[in-house]
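Asker: Fold the following.
(one chain, ligands or ions: 1)
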Amino acid sequence: MILTKEQEAMLAGEEGPAAAKLLELLVALGEVFGAERLVAVESAHIAGVSYKNLGEAGTEWLEEQADLGAKARIWATLNPAGMDMEKWLEMGVPRGFAEGQRRVISTFQRMGVEPTCTCTPYLVGHVPKLGSQIAWAESSAVCYSNSVLGARTNRESGPTTLASAVTGLASLYGYRLEENRRPGAVVDVEVGLETPLEFSALGYLTGRRLGTTVPYFRGLGDLSLESKKALGAACATKGGITLWHGEGVTPEAGLYEGLLDGLERFTVGSSDIEAEVERLTAPLDDPIIVLGCPHSSLGELEMIAGLVRGRDMEGRLWVFTSRSVYAEAKASGYVGGIEEAGGRVVRDTCMVVAPVIEMGWREVATNSFKAAHYMTNAGLKTRLGTVQELLTGEAQ
Ligand code: F3S
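Answerer: Modelled structure (predicted):
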């Protein structure tokens, strides 16, 4: 790779040992992927935050970086942790886990990273511009920023996003380059999809069919922000889609309108959506309902609060969101409404990165294919349904 004088100096340790070591990681990665140079990035979103995934070894590695003087030089936010940083005891999180998680968050704070603890940074003000180079991890956030916002990132890891936060750089390859952002397949949606569950099903089946190929969707209709986040999260779950285009929906789709001939294509109808829902649905008697994968928006919390009014959800409903959206929802009375019905609203974490087996969960119902996929892999039984079906038993 060709480095500038400033980058060579950083690599030689002129900006401290942490920056040198982390830049070494980015250069090594760039060489593996054939990058010719590094590029400046505007912001980072760092994953690998839950103590469940990091364990002692990962936590010590982070502490070592902080001790070596690692400091974020660009705006950097954090993905969910393994627990609500305030209500962990209420969640039933073991004390030893909580101590480890607190060490992780305080280490990131020492490095100047904002403890947003959410997979929806774009809902809490971290909204990259069209065409900007960023370094984000967390597959659903990556898919949203690449596709809906038109920013440019690869599907980064915890260590590489920290490296980008500290150096302000990333290796220029993959989805950072125009030529790799072209669609490789056309998906004709021949059914009017309405709910985030249906868009989640579309994403899951598309990822299953296409692997990592960039899809170009036609016929998505006028979908909500919540449906866009559900679609991208599921696309990235089964397979590894990092970017999708939607005709009339995403900012770069228009560039490719005339370039779709000869691409692989398939159609999706209502029976495909129904069959997909069946894949991750087992007959369950009394599952815990888990909502907020990706983290709930204010609109979703408003809807949930409305649906549970007058119902008894005691011990049966967990809703996950960011601390920032939680604060808004609390001020608007939605958190109080859900809690009054016996539900819980939890910040900073989610059903996949919290130690839910240790918390006694065995059967869950959700509207998210991503949540159902990972919880099935973790050994839980799952059922899928729309928010309305899960909370009221009535079809939407
Ligand atoms: Fe977010 Fe957890 Fe789902 S990180 S996308 S809520 S698995």
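Asker: Can you give me the neighbour number for residue 210?
Answerer: 21 (other CB atoms under 10 Å). Yep, even glycine has a C-beta here, placed from its N, CA and C like the rest.
Asker: residues in this structure within reach of the ligand, list them.
Answerer: Applying CB under 6 Å from any ligand atom, we find that the chain lies next to the ligand at 80, 119, 140, 233, 293-295, 320, 350, 352-353, 370-371, 374.
Asker: As a markdown table, those with pLDDT and neighbour count would be great.
Answerer: Below are those laid out as a markdown table (pLDDT from 0 to 100; neighbours: other CB atoms under 10 Å):
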| residue | pLDDT | neighbour count |
| --- | --- | --- |
| 80 | 98 | 28 |
| 119 | 98 | 31 |
| 140 | 98 | 25 |
| 233 | 98 | 29 |
| 293 | 98 | 29 |
| 294 | 98 | 30 |
| 295 | 98 | 31 |
| 320 | 98 | 28 |
| 350 | 95 | 28 |
| 352 | 93 | 23 |
| 353 | 91 | 24 |
| 370 | 98 | 27 |
| 371 | 98 | 29 |
| 374 | 96 | 18 |
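Asker: any idea which strand is longest in the protein?
Answerer: If you go by DSSP state E, the chain has its longest strand at strand 288-296.
Asker: if we look at it, which residues are touching it?
Answerer: 80, 118-120, 123, 140-141, 144, 229-230, 233, 300, 304, 313, 315-322, 325, 350-352, 361, 363-368, 370-371, 375, 387, 390-391 (CB atoms under 8 Å, 6 or more residues apart in numbering).
Asker: Generate a ChimeraX selection restricted to the buried subset of these.
Answerer: In ChimeraX, a selection of the buried entries from the contacts of strand 288-296 looks like this (16 or more other CB atoms under 10 Å):
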select :80,118,119,120,123,140,141,144,229,230,233,300,304,313,316,317,318,319,320,321,322,325,350,351,352,361,364,365,366,367,368,370,371,375,387,390,391
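Asker: Now intersect the contacts of strand 288-296 with the helices, please.
Answerer: 140-141, 144, 229-230, 233, 300, 304, 325, 370-371, 375, 387, 390-391 (DSSP state H).
Asker: Which one of those is nearest to residue 284?
Answerer: residue 390 (11.0 Å; CB to CB).
Asker: now the closest one: how far from residue 120?
Answerer: If you measure residue 390 against residue 120 using CB to CB, to the nearest Å, the figure is 20 Å.
Asker: And residue 366, by the same measure?
Answerer: In terms of CB to CB, residue 366 sits 16 Å off from residue 120.
Asker: show me the contacts for residue 368.
Answerer: Residue 368 neighbours (CB under 8 Å, 6+ apart): 196, 197, 200, 230, 233, 234, 291, 293, 294.
Asker: again, only this time at 7 Å
Answerer: By CB atoms under 7 Å, 6 or more residues apart in numbering, the contact list for residue 368 reads 200, 230, 233, 293.
Asker: wait, doesn't residue 108 sit right on residue 79?
Answerer: No: the pair residue 108 / residue 79 is not scored as a contact, 10.3 Å apart, by CB atoms under 7 Å.
Asker: ranges for the helices of the stretch 51-200 of the chain?
Answerer: 51-67, 88-91, 95-110, 139-147, 158-167, 196-210 (DSSP state H, counting those that start in this stretch).
Asker: Lowest average confidence across those, which one?
Answerer: Lowest mean pLDDT within the helices of the stretch 51-200 of the chain: helix 88-91, a mean of 94.
Asker: what's next to it, contact-wise?
Answerer: For helix 88-91, using CB under 7 Å, 6+ apart, the contacting residues are 83, 84, 98, 346, 354, 359.
Asker: ok, for residue 105, nearest residue in space, not its chain neighbours?
Answerer: residue 115 (5.4 Å; CB to CB, 6 or more residues apart in numbering).
Asker: Now do the same contact list for the residue in the stretch 101-250 of the chain positioned nearest to the ligand.
Answerer: Closest residue of the stretch 101-250 of the chain to the ligand, CB to the nearest ligand atom: residue 119 (3.1 Å). When contacts are counted by CB under 7 Å, 6+ apart, residue 119 touches 79, 80, 138, 140, 141, 294, 295.
Asker: Same question for residue 142.
Answerer: Neighbours of residue 142 in contact, by CB under 7 Å, 6+ apart: 136, 153, 155, 236, 242.
Asker: Among the residues you listed, name the ones in strands.
Answerer: residue 136.
Asker: Kindly supply the PyMOL command isolating those of the contacts of residue 142 that are buried.
Answerer: To isolate the buried subset of these in PyMOL, counting by 16+ other CB under 10 Å, use the following:
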select buried, resi 136+153+155+236+242
